[in-house]
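Enquirer: Here is a sequence together with a model predicted from it:
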Amino acid sequence: MTAKKIISLFLVLVMVGSTTTPVIATKIAENKPIPAKEKSELHKDIEIIKIDPNLENLTPYWIIIAVGSEEKGRLTTFKYIDTSKSLKDYEKEELKRFLQELWKKYPVKTIRDKKSTLVTIESGNEILLTEEDKIMLERVAMAVNEYFSSKYEIGILWNVDTHQSVAFISCKKWGESDYYCGITRDHADDPDYWTQIPPPPGYPEWYWNFIMQVVHSWTHYYNPDWATGSAPSECKYYANVAKSKYSSGDKYSAFQNLGYASHFITDVGNPLHTGLESWQTVFSSIHYSYENYISSNWESGYRFKSVIENNWYYYPISNPEQATKDLATYSHQYDDTVFWTIYNNPNTWQNDQNLRKVTENCLLETAKYSLGLIKYVRG
Ligand SMILES: [Zn+2]
């Protein structure tokens, strides 16, 4: 980069800084958080995709069968196979023949109503996969992961920056100082670096892998259908520590623990931290790609951060554990939609407006609960 370019880039940054910061500061000075009377969503025109949950847990490969309902899904799956660098040409042909048979054997139907589409198999069919089928499907999954991990930068955790940003913005809205909000912000991502907690004994190996590899810890996840994961109780624990420290005047510790508590509630604002366990174990690269999409559209692109900045509503919270469960229930309704959209649109999912709306709706709910959590701690 030439010196001139560096200087002009610097000027642009200074200008951006000087025009946006005072605007936000004025907003904070003029506005106060107000209780949300009802759930008002940012986008009401979201198309929800539900992939028959009765089949979801029979096999993690159900998505590959489900996409057979449409030509687009079939061609996309072939594309994953064709672009694989580790599959040999004859293996690719073999896999495609296998899939054609599989899709014939398990015809899939979609049931549409006004707001949602349900993907299920024709009645009377059961999915019975042989060991050989599973080996073939595993190869397809490998090709999908190969595609996503080579194309979308992998490795940024959802929320490393998001957690900090949500915590800081929410804290400032209650009129707390930069110093104390900074403490909350600086500790909001800490739990991602704590010792990972595995699921309790008795779960199958794939589930163990989901917890330890995909969501990193039993504490960073909650599935409202199964009541699995301990994000709600973690949030409750740290919120209560923060509350008692705040009332005893130990503000440093109060804001530190508030940062921890906010981490756990923010985690379950991500639909992929609330379910789809078996799929995400097999197609882990889709999970990472989605997290990366949110991070890279945080400050620029769709600027998801503005959803948090523009919200002034909060949910009054009397029980942080229940609040975390409620947020998880909200975002969980979208987990299939997120996964399905990414799988079926390997090149264009980042521009998909339905996916953007889903993400913004989840962030708006996260913002309301985060504001509520701070109010809970401050009393
Ligand atoms: Zn986390």
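Expert: That came through, no problem. Residues are numbered from 1 along each chain as shown.
Enquirer: Around the ion, pick out the residues from the stretch 251-379 of the chain.
Expert: Contact residues (C-beta under 5 Å from the ion) of the stretch 251-379 of the chain with the ion: Asp267. The way it works is simple: take the backbone N, C-alpha and C, and place the C-beta from them, glycine included.
Enquirer: Give the phi and psi angles for Lys109, as a check.
Expert: Dihedral pair for Lys109: phi -130, psi 150, per degrees, to the nearest 10.
Enquirer: Could you tell me the model confidence score at it?
Expert: We have a pLDDT of 85 for Lys109.
Enquirer: Spit out the contact partners of the nearest residue to it once chain neighbours are set aside.
Expert: With C-beta to C-beta, 6 or more residues apart in numbering as the criterion, Lys109 has its nearest non-adjacent residue at 5.6 Å, and that residue is Glu122. Contact analysis of Glu122 by C-beta atoms under 8 Å, 6 or more residues apart in numbering lists 106-109.
Enquirer: Which pLDDT value belongs to Glu122?
Expert: Looking at Glu122, the pLDDT reads 79.
Enquirer: For it, give its distance to Val108.
Expert: Using C-beta to C-beta, to the nearest Å, Glu122 is found at 7 Å from Val108.
Enquirer: quick revisit: any idea how far the ion is from the residue nearest to Lys109?
Expert: To the ion, Glu122 is 40 Å away according to C-beta to the ion, to the nearest Å.
Enquirer: What of Tyr376?
Expert: 20 Å.
Enquirer: Name the helix or strand for that residue, please.
Expert: Assigned by DSSP states H and E, Tyr376 belongs to helix 353-378.
Enquirer: so where is the stretch 1-150 of the chain shaky, pLDDT-wise?
Expert: 1-29, 57, 123-125 (pLDDT under 70).
Enquirer: Run through the helices of it in chain order.
Expert: Along the stretch 1-150 of the chain, counting by DSSP state H, counting those that start in this stretch, helices occupy 3-30, 53-56, 62-66, 71-83, 89-105, 131-151.
Enquirer: buried stuff in the fourth one?
Expert: Looking back up the chat, that one is helix 71-83. For helix 71-83, the neighbour count (16 or more other C-beta atoms under 10 Å) marks 73-74, 76-78, 80-81 as buried.
Enquirer: Between helix 131-151 and that helix, find me the angle.
Expert: Angle, helix 71-83 to helix 131-151, by axes from the mean of the first three to the mean of the last three C-alpha atoms, to 10 degrees: 80 degrees.
Enquirer: Can you tell me how far the residue of the stretch 151-300 of the chain found nearest the ion is from Ser84?
Expert: Distances between the stretch 151-300 of the chain and the ion by C-beta to the ion are smallest at His220, namely 3.6 Å. Per C-beta to C-beta, His220 is found 31 Å from Ser84.
Enquirer: who has more neighbours, the two?
Expert: His220 (28 against 21; other C-beta atoms under 10 Å).
Enquirer: how about the nearest residue to the more buried one, chain neighbours excluded?
Expert: Per C-beta to C-beta, 6+ apart, closest to His220 is Asp267, 4.8 Å.
Enquirer: Trp62 now?
Expert: Closest to Trp62 by C-beta to C-beta, 6+ apart is Leu55, at 5.1 Å.
Enquirer: and if you look at Phe98?
Expert: The shortest distance from Phe98 to any non-neighbouring residue, by C-beta to C-beta, 6+ apart, is to Met136 (4.8 Å).
Enquirer: again, but for Lys85
Expert: Closest residue in space to Lys85, ignoring its immediate chain neighbours: Glu146 at 6.8 Å, by C-beta to C-beta, 6+ apart.
Enquirer: residue contacts, that neighbour?
Expert: 80, 83-86.
Enquirer: again, only using 7 Å
Expert: The contact partners of Glu146, by C-beta atoms under 7 Å, 6 or more residues apart in numbering, come to 84-86.
Enquirer: With Tyr246 as the reference, measure out to the residue nearest in space to the middle of the chain.
Expert: The residue lying closest to the centre of the chain (C-alpha atoms, centre = their mean) is Asn270, at 2.9 Å. Separation of Asn270 from Tyr246 (C-beta to C-beta) stands at 27 Å.
Enquirer: Tyr315 too?
Expert: As judged by C-beta to C-beta, Tyr315 and Tyr246 stand 19 Å apart.
Enquirer: What of Tyr207?
Expert: Distance from Tyr207 to Tyr246, by C-beta to C-beta: 37 Å.
Enquirer: domains of this structure?
Expert: 48-151, 153-378 (automatic domain parsing).
Enquirer: if you compare the ones you listed, which one is most tucked away?
Expert: Across the domains of the chain, averaging neighbours per residue (mean count of other C-beta atoms under 10 Å) puts domain 153-378 on top, at a mean of 20.
Enquirer: Asn345 against Gln353, yeah?
Expert: No - counting by C-beta atoms under 7 Å, Asn345 sits too far from Gln353 to count as a contact (11.5 Å).
Enquirer: distance of Asp52 from Thr184?
Expert: 42 Å.
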